[in-house]
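# Fold the stuff below for me.
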Amino acid sequence: PRRRQRARRARVTGPLDGIRVIELGGIGPTPFAGLMLAELGADVVRIDRPGERNPLALAAGLRRSRPSIAVDLKSPAGGDVVKRLVDGADVLVEGFRPGVAERLGLGPEECLASNPRLVHARMTGWGQTGPWAQRAGHDITYAAVSGTLHALGPAARPVTPVPVIGDFAGGSMYLVVGVLAALIARGTTGRGQVVDAAMVDGAAHLFTMVHGLLGTGAWRDEREANLLDGGAPFYAVYECADGKFVAVGALEPEFWAELVTGLGIDLPGEQYDPGTWEAQRAAFAAAFRTRSRDEWAEHFEGTDACVAPVLSLREAPTHPHAVGRGSFVTDVNGHPVPRPTPRLSDTPLRDPGPEPVPGADTRAYLLAHGFGADEVEALITSGAVVQA
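Below you'll find the model as predicted:
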């Protein structure tokens, strides 16, 4: 038994080893969810459109770590190829507007009828239901309607956020959580189910704590007016002598005391007295402008003042802590990319793999998953599938 256990552990390539996922090609949150599932160890294949040219669908970094086959979903033969693959899969991931998968013959009712154990994971901006379900949108619009955009930025106006809140944090992450929860539930019920992940829902849910504070009167519905949005001078960003910035997060009194001591300033009043915040902010700003960002980072090294340099995207992979943890790895193109996370002790995640062109693996994947050689060549000749 011990030898068998050791042999099984040697075969396991990640916590989702043995889970087959069909990902219908899309943009943004859908491919990032496919990437996460692949690097968690699942057997994921991405189904791309033949001749895909959409730059968002080809965005660097999101198509890595799993093979790609190109299938014409609008052709009957191409649709049948996908249905056969879905019949043998554990998870189907798609990011179409509501009703599109149904028109392609790949809706939950049809897929679950032929594969009752399937987890049908649906990624949309507005969800499968609701008056805006058919409306177009992107991260900024989901963040706007969820209330999160209103809370971001200086007092004068909201900022335009990098598309993380709706697309990736509120979209991909919640879709993957839903897939994992449905797979666990399947172990009890024996049945698959539909995961309806809406970016607008996820963007709102990310602000659960803020909504809680707002409901108890501990948060003002304004920007830069609260403890954690730059309103408090000890939780803010300051410019340094070289035009670069440091981030300060000295919330607790003992950390605030280290910050004040480290800056070499005297401040009247109490830390949490809003009446002193204007004077605190002015003193912090004046002090930080006397040295460069990196000089302040070195000065506060080893302290609990909660001062950190605001690093650029190019600088972040070279920071000593990132290097020490191996937080970034070099991909096949020679660029640093974030290593998959979180870290698991017994079934580690895969490091980033190659990013194939759409349809690079069509022939090999179909041959390995139940299609005969003559059948595959006929499909390629007809144009139902394409080998890049």
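# Show the average pLDDT along stretch 72-85.
Across stretch 72-85, pLDDT averages out at 96.
# Alpha carbons of that stretch, as CSV, please.
Only the C-alpha atoms of stretch 72-85 are listed here, as CSV (Å, rounded to 0.1, in the frame of the first residue of the first chain):
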residue,chain,number,x,y,z
ASP,A,72,-15.8,26.2,-36.0
LEU,A,73,-18.6,26.1,-33.5
LYS,A,74,-21.1,27.3,-36.0
SER,A,75,-20.6,24.2,-38.3
PRO,A,76,-22.6,21.1,-37.3
ALA,A,77,-19.5,18.9,-37.4
GLY,A,78,-17.5,21.4,-35.3
GLY,A,79,-20.4,21.6,-32.8
ASP,A,80,-20.4,17.8,-32.6
VAL,A,81,-16.7,17.7,-31.9
VAL,A,82,-17.2,20.0,-28.9
LYS,A,83,-20.2,18.0,-27.6
ARG,A,84,-18.2,14.8,-27.7
LEU,A,85,-15.4,16.4,-25.7
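# Centre of the chain to it, how far?
29 Å (CA atoms, centre = their mean, to the nearest Å).
# list the buried ones in that stretch?
D72, L73, S75, G78, G79, V81, V82, K83, L85 (16 or more other CB atoms under 10 Å). Where C-beta positions appear, they are placed from N, C-alpha and C, glycine not excepted.
# same check, this time on stretch 232-243
A232, P233, F234, Y235, A236, Y238, C240.
# Please name the nearest non-neighbouring residue to the first one.
Among residues not flanking A232 along the chain, W277 sits closest, at 6.5 Å (CB to CB, 6 or more residues apart in numbering).
# cool, and the fourth one?
Beyond its immediate neighbours in the sequence, the residue positioned closest to Y235 (CB to CB, 6+ apart) is G249, lying 5.5 Å away.
# same thing with the second one?
Nearest non-adjacent residue to P233, counting by CB to CB, 6+ apart: R281, 3.8 Å away.
# so the one you found touches G231, yeah?
No - counting by CB atoms under 8 Å, R281 does not reach G231; the two are 9.8 Å apart.
# number of nearby residues for the residue lying closest to G190 once chain neighbours are set aside?
Closest residue in space to G190, ignoring its immediate chain neighbours: R117 at 7.1 Å, by CB to CB, 6+ apart. If you count neighbours by other CB atoms under 10 Å, R117 ends up with 14.
# And V159, by the same measure?
Other residues close to V159 by other CB under 10 Å number 10.
# pLDDT score for it?
So V159 comes in at 95 (pLDDT).
# All the helices of the stretch 101-250 of the chain, in order from the start?
For the stretch 101-250 of the chain, applying DSSP state H, counting those that start in this stretch gives helices covering 108-114, 139-146, 173-189, 199-205, 208-215.
# for the protein, which spans come out with low pLDDT?
Residue ranges of the chain with pLDDT under 70: 1-12.
# Report the central residue of it.
The residue lying closest to the centre of the chain (CA atoms, centre = their mean) is F168, at 3.6 Å.
# Return the distance of it relative to V332.
Note on F168: its distance to V332, by CB to CB, to the nearest Å, is 22 Å.
# start to end distance for stretch 339-347?
Length of stretch 339-347, first residue to last, CA to CA, to the nearest Å: 15 Å.
# Out of the helices of the stretch 101-250 of the chain, which one sits most buried?
helix 199-205 (a mean of 24; mean count of other CB atoms under 10 Å).
# residues in contact with R66?
Contact analysis of R66 by CB atoms under 8 Å, 6 or more residues apart in numbering lists E23, G34, L35, A38, V44, V45, R46, G353.
# I'd assumed D48 was in contact with the second one.
Which is G34. No - G34 lies out of contact with D48 (CB under 8 Å); the separation is 11.2 Å.
# between those two, who's got more neighbours?
Ranked by neighbour count (other CB under 10 Å), G34 and D48 place G34 first, with 33 against 27.
# ok, the nearest residue to that one once chain neighbours are set aside to T30 distance?
In space, G34 comes closest to E23 once its chain neighbours are excluded; the distance is 3.9 Å by CB to CB, 6+ apart. Counting by CB to CB, the gap from E23 to T30 is 7 Å.
# Find the residues that touch each one of these two.
V93, E94.
# Reduced to three states, what does V44 come out as?
strand (DSSP: H, G, I helix; E, B strand; the rest coil).
# bridging residues for it?
V21 (DSSP bridges).
# Strands of the protein, residue ranges please.
20-24, 43-48, 68-71, 91-94, 119-124, 194-198, 235-239, 245-249, 307-309, 328-330, 336-338, 385-386 (DSSP state E).
# Identify whichever of those strands lies nearest to F288.
strand 235-239 (4.1 Å; CB to CB).
# other SSEs contacting the closest one?
strand 245-249, helix 277-288 (3 or more CB pairs under 8 Å, 6 or more residues apart in numbering; DSSP states H and E).
# now these as a markdown table including mean neighbour count and distance to G383?
Shown next, in a markdown table, are these (neighbours: other CB atoms under 10 Å; distance: least, CB to CB, whole Å):
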| stretch | mean neighbour count | distance to G383 |
| --- | --- | --- |
| strand 245-249 | 19 | 54 |
| helix 277-288 | 16 | 62 |
